[in-house]
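S.K.: what's the 3D shape of this:
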Amino acid sequence: MPHVKQQARDAVQVLLTGLPTSGARLFPAKRLPWDNAAGQMPGIAFYLDAETVFPIDKEGRQRRDMVLTVDMAGRSQDDLLLDDQLIAMETEVQAALGGDPKLGGLLSEKMRLLRVAPPPPDASLGDAYMVRRHEYALSVIVMEGDPTQVAP
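M.R.: The predicted structure is shown next:
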C-alpha cells in the first residue's frame, strides 16, 4: 500500500478531476512555469508539501500534519474574464474538496482551508497572467514505522 501522503494526493486528484472550468487540465505536482501553448490553462496544479510528524500516545500512534497546496492558473486578455475564471475555479475546488473533507476516511479530521494567497513573488508563472493559491491543512494518524496504514 502507498504512503498516506500518496493516498491523500490520489484522493484529491479524484475529487478535482473534471471540474467545469479546469476540465482535464489537472496536474498532481508543482506546475510552474505554466505553458499556455501546451494547453495547461485554465488549470489546476496541486501537491502535498510540508509535513510535520509527532507522536501522540504510548501505543506508537503518530499524527502527520500536511499542507495541500492548490494553484489555479488562468490567462486572458480581459482582466474581468480572467478574474471570473479564477473565482470559478476557486469555487469549484472548494466545493469538490468540501464534498469529501476527510478523503474517504483517510484523514483524522476534516481538511480545512488555511490560506488564500498569490504564489510566492519569486515564482515563475510562465504564460499565466494570474495564479491563485489555496493551502489546506490535512491530518492523518498512522502507527510509527508504518506510514501506509491509517491507525485506529
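
S.K.: mind checking how far stretch 67-83 is from the chain centre?
M.R.: From the chain centre to the centre of stretch 67-83 is a distance of 15 Å (C-alpha atoms, centre = their mean, to the nearest Å).

S.K.: make that stretch 73-84, sorry
M.R.: Distance of stretch 73-84 from its chain centroid, counting by C-alpha atoms, centre = their mean, is 22 Å.

S.K.: May I see the buried residues of that stretch?
M.R.: For stretch 73-84, burial by neighbour count (16 or more other C-beta atoms under 10 Å) applies to Ala73, Gly74, Arg75, Ser76, Leu82. (Glycine included, C-beta is placed from N, CA and C.)

S.K.: In contact with the third one: list those residues for me.
M.R.: The one in question is Arg75. Residues near Arg75 by C-beta atoms under 8 Å, 6 or more residues apart in numbering: Trp34, Asn36, Met41, Pro42, Leu82, Asp127, Ala128, Tyr129, Met130.

S.K.: What is the nearest of those to Thr148?
M.R.: Thr148 lies nearest to Trp34 out of the contacts of Arg75, by C-beta to C-beta, at 33.1 Å.

S.K.: how close does Pro28 sit to Ser108?
M.R.: Distance of Pro28 to Ser108, given as C-beta to C-beta, to the nearest Å: 22 Å.

S.K.: Next: Pro33.
M.R.: Distance of Pro33 to Ser108, given as C-beta to C-beta: 36 Å.
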